[in-house]
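Enquirer: Quick one: sequence plus predicted model below, questions after.
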Amino acid sequence: MFDAYILCGTPRTGSTLLCKLLAATGTTGDPHSFYRRQDVLEWAEDWGLPARDTMGEPEFQLAYLDAAITAGKGGTDVFGLRLMRENLGELSAMLDRISPGLASDKARFEKAFGRVLYIHLSRENKLAQAVSLIKAQQTGLWHIAPDGTEIERVGPAKEPHYDFERIKGEVEELEAYDAAWNIWFAQQGIAPLRIGYERLAAEPAVELLRICEALGVRAPDAGHIRPCVAKLADETSLDWMRRFHLDTAI
């Protein structure tokens with residue numbers, strides 16, 4: 001039985017879909033990106049924590065950790081956390097201020113969260129991942145429901161535009177982040193549960209049940225699992241991928 005799990009991902013690997021599926025089970029917590037640097041102060045305010053500048057940094061980090069664990073459990077016995085590779089070092093540094101002197105990231109995480117299941121979210125098609133990320137950044141639309149309703153929009157609607165160099169750079173960065181996760185797992189002696197975006201998108205119920213089984217918690221009936229996030233890929237996405245392949249071949 002695990003006390004917690006960490007979804008170890010990169011952007012556009014289905015983490016929002018998976019977080020919502022996990023939260024809906026009623027047994028696997030309510031995972032969010034509690035340690036995304038841009039969101040820390042907003043979470044702290046939502047939780048009613050004292051202002052950061054009114055207490056010492058270790059005291060703030062401890063209060064934040066306690067509140068994050070409560071929120072990430074969502075009334076269940078399991079804590080869930082979504083963590084992007086770019087935020088890994090910051091989380092480890094924050095936990096080191098609370099429990100200094102531990103020998104590894106894994107030791108810090110397990111001191112804070114208990115026995116942790118590490119779940120590696122990755123996407124085999126890095127070009128499709130890069131295109132999805134850049135389109136979201138350009139249009140401001142990050143997630144939609146199966147009925148087409150907008151779930152998450154950041155910024156006003158704008159038309160996307162093809163940018164070969166930006167796509168090329170994003171593919172390289174996503175490949176580097178994915179490789180960095182695998183290096184980290186090896187360094188920490190972690191054998192993660194691996195979840196691929198392609199399989200998750202095609203068979204979300206199957207992958208959710210795999211996670212429940214690995215965690216040792218009661219799984220929902222497969223017939224009751226309803227994904228509430230839909231793919232954003234469209235003809236524009238396919239056109240960009242075709243153009244990128246042609247430009248790469250020149």
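Expert: Received, thanks.
Enquirer: CA only for contacts and neighbour counts going forward, please
Expert: Will do.
Enquirer: Report the secondary structure state of the spatially most central residue of the chain.
Expert: In the chain, the residue lying closest to the centroid (Cα atoms, centre = their mean) is Arg82, at 4.0 Å. Three-state call for Arg82 (DSSP: H, G, I helix; E, B strand; the rest coil): strand.
Enquirer: Would you mind measuring from it to Ala68?
Expert: Taking Cα to Cα, to the nearest Å as the measure, Arg82 falls 12 Å from Ala68.
Enquirer: any common contacting residues for these two?
Expert: Phe34 (Cα atoms under 8 Å, 6 or more residues apart in numbering).
Enquirer: Isn't Leu62 up against Ile98?
Expert: Yes. If you go by Cα atoms under 8 Å, Leu62 and Ile98 touch, sitting 6.2 Å apart.
Enquirer: shaky segments in the protein?
Expert: The chain contains residues with pLDDT under 70 at 222-225, 230, 250.
Enquirer: how about the strands in it?
Expert: Listed in chain order, the strands of the chain (DSSP state E) span 4-9, 79-84, 116-122, 141-144, 150-153, 193-196.
Enquirer: hmm, who's touching the second one?
Expert: Looking back up the chat, that one is strand 79-84. By Cα under 8 Å, 6+ apart, strand 79-84 touches 3-11, 15, 19, 28-36, 69-70, 72-73, 113.
Enquirer: can you give me the offset of stretch 77-97 from its chain's centre?
Expert: 11 Å (Cα atoms, centre = their mean, to the nearest Å).
Enquirer: tell me which residues in that stretch are buried?
Expert: Judged by neighbour count using 16 or more other Cα atoms under 10 Å, the buried positions of stretch 77-97 are 77-85, 88, 91-92, 94-96.
Enquirer: Make JSON lines out of the strands of the chain and add distance to Arg243.
Expert: Listed next are those as JSON lines, based on distance: least, Cα to Cα, whole Å:
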{"stretch": "strand 4-9", "distance to Arg243": "27"}
{"stretch": "strand 79-84", "distance to Arg243": "29"}
{"stretch": "strand 116-122", "distance to Arg243": "24"}
{"stretch": "strand 141-144", "distance to Arg243": "22"}
{"stretch": "strand 150-153", "distance to Arg243": "27"}
{"stretch": "strand 193-196", "distance to Arg243": "25"}
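Enquirer: nearest to Tyr162, of these?
Expert: Closest to Tyr162 of these is strand 141-144 (Cα to Cα; 16.3 Å).
Enquirer: got a list of contacts for that closest one?
Expert: Counting by Cα under 8 Å, 6+ apart, 136, 150-155, 157, 229-232 sit against strand 141-144.
Enquirer: top of those residues by neighbour count?
Expert: Neighbour tally across the contacts of strand 141-144 (other Cα atoms under 10 Å): the maximum, 22 neighbours, falls on Val229.
Enquirer: how far away is that residue from Pro204?
Expert: For Val229, the distance to Pro204 - Cα to Cα - is 11 Å.
Enquirer: just Leu62 next, same as before
Expert: Distance from Leu62 to Pro204, by Cα to Cα: 35 Å.
Enquirer: okay, the two: which has more neighbours?
Expert: Pro204 (21 against 17).
Enquirer: circling back: run through the bridge partners of the residue nearest to the centre of the chain.
Expert: Leu7 (DSSP bridges).
Enquirer: Give me the distance between it and Pro146.
Expert: For Arg82, the distance to Pro146 equals 22 Å [Cα to Cα].
Enquirer: Likewise for Leu133?
Expert: 19 Å.
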